[in-house]
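**Student:** below are the sequence and a predicted model for it; my questions follow.
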Amino acid sequence: MSLFGGSQTRETRPDGRPRLPPGQRLTDGWPVLHYGSIPDVDLTTFELKIFGLVEQEVTLSWEQFMALPQQESRSDIHCVTTWSKYDNDWVGVPFDDLAALAKPKPEAQHVIFHSYGGYTTNVPLAELHGAENMVVHTHNGQPLTGEHGGPLRGLVPALYFWKSAKWIRGIEFVSSDRPGFWEMYGYHMHGDPWTEERYG
Ligand SMILES: Nc1nc2c(c(=O)[nH]1)N[C@H]1C(S)=C(S)[C@@H](COP(=O)(O)O)O[C@H]1N2
Ligand SMILES: [Mo]
């Protein structure tokens, strides 16, 4: 049975949009894509900081992060380079739960994800609500490898996959939108796969 063609590519999402966004093709592997080298993240010194326009800055050690209630979700990946990968099972902490610890101020409208190694990416806060947006450590039952963003990566499946920052170390709440790494090099500020917000 092939993953290509057939009924799978004509499925419809609950919101009425086709499951496979325009211009995308299914892959059954999992390509590795990032700029620069894989940072060496030591779990004994690991910190996830939640900061910016918040009532209470929060810094979580690895143990503290893993002690938070963990959730599972299943979602599809859509990379701007045109590959999509269906049915990824993730385990981690929903973004909403992390935000609730720090209590974003009313002025907070956007979020900048910060990674070990210096990568950043921006996402509107309003689009991070809902259980599929998470900070994850496990994919299809296996701990995330370094090449796929372990120990922790962001996950925002309704946007192109460059918005899912690997090796995450910070979540910053800001009032006005600000381009991250790829956005400064010409990727779209928003990145909706269904309207092909790829570049510019
Ligand atoms: N820290 C970091 N995260 C990153 C990137 C990167 O260069 N650095 N690249 C992004 C891009 S462009 C893509 S397509 C996905 C790829 O994730 P994968 O290698 O696990 O498939 O990671 C995203 N997250
Ligand atoms: Mo990408």
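**Tutor:** Yep, it's here. Ligands and ions are numbered 1, 2, ... in the order given.
**Student:** kindly list the longest helix within the chain.
**Tutor:** helix 95-102 (DSSP state H).
**Student:** give me the buried positions along that helix.
**Tutor:** Residues of helix 95-102 classed as buried: Phe95, Asp97, Leu98, Ala99, Ala102 (neighbour count, 16 or more other C-beta atoms under 10 Å). All C-beta spots, glycine's among them, are computed from the backbone N, C-alpha and C.
**Student:** between these, which sits nearest Gly23?
**Tutor:** Distance to Gly23 across the buried residues of helix 95-102 (C-beta to C-beta) is lowest for Phe95, with 27.0 Å.
**Student:** from memory that closest one sits against Ala126, does it?
**Tutor:** No: with contact defined as C-beta atoms under 8 Å, Phe95 does not reach Ala126; the gap is 11.7 Å.
**Student:** now the helices for this structure?
**Tutor:** Under DSSP H, the chain gives helices at 62-67, 95-102, 181-184.
**Student:** quick check, the shortest one touching ligand 2?
**Tutor:** No: for a cut-off given as C-beta under 5 Å from the ion, helix 181-184 has no contacts with ligand 2; the smallest distance is 7.3 Å.
**Student:** quick one: that helix to chain centroid distance?
**Tutor:** Relative to its parent chain, helix 181-184 has a centroid offset of 15 Å by C-alpha atoms, centre = their mean, to the nearest Å.
**Student:** correct me, but Val123 touches Gln109?
**Tutor:** No: at 10.7 Å, Val123 and Gln109 do not qualify as touching, with contact defined as C-beta under 8 Å.
**Student:** so which of these two has more stuff around it?
**Tutor:** Set Val123 next to Gln109 and count neighbours by other C-beta atoms under 10 Å: Val123 wins out with 25 against 15.
**Student:** what's the separation between Ser84 and Ile112?
**Tutor:** To Ile112, Ser84 is 25 Å away according to C-beta to C-beta, to the nearest Å.
**Student:** can you list the weak-confidence ranges in this protein?
**Tutor:** Flagging of the chain using pLDDT under 70 yields the residue ranges 1-9.
**Student:** strands of that one, start to end?
**Tutor:** 25-26, 48-52, 58-60, 71-78, 83-94, 110-115, 120-124, 134-139, 142-143, 153-155, 168-174 (DSSP state E).
**Student:** now Arg178: closest residue in space that isn't a chain neighbour?
**Tutor:** Asn122 (5.9 Å; C-beta to C-beta, 6 or more residues apart in numbering).
**Student:** in contact with that neighbour, which residues?
**Tutor:** If you count contacts by C-beta atoms under 8 Å, 6 or more residues apart in numbering, Asn122 has them with His110, Val111, Ile112, Phe113, Asp177, Arg178, Pro179, Gly180, Glu183, Met189.
**Student:** list the contacts of the first one.
**Tutor:** Spelled out, that is His110. Asn122, Val123, Pro124, Leu125, Phe173, Val174, Ser175, Ser176, Asp177, Arg178 are the contacts of His110 under C-beta under 8 Å, 6+ apart.
**Student:** dump the residues you listed to CSV, plus distance to ligand 1.
**Tutor:** Shown next, in CSV, are those (distance: C-beta to the nearest ligand atom, whole Å):
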residue, distance to ligand 1
Asn122, 13
Val123, 12
Pro124, 18
Leu125, 19
Phe173, 19
Val174, 18
Ser175, 24
Ser176, 23
Asp177, 18
Arg178, 17
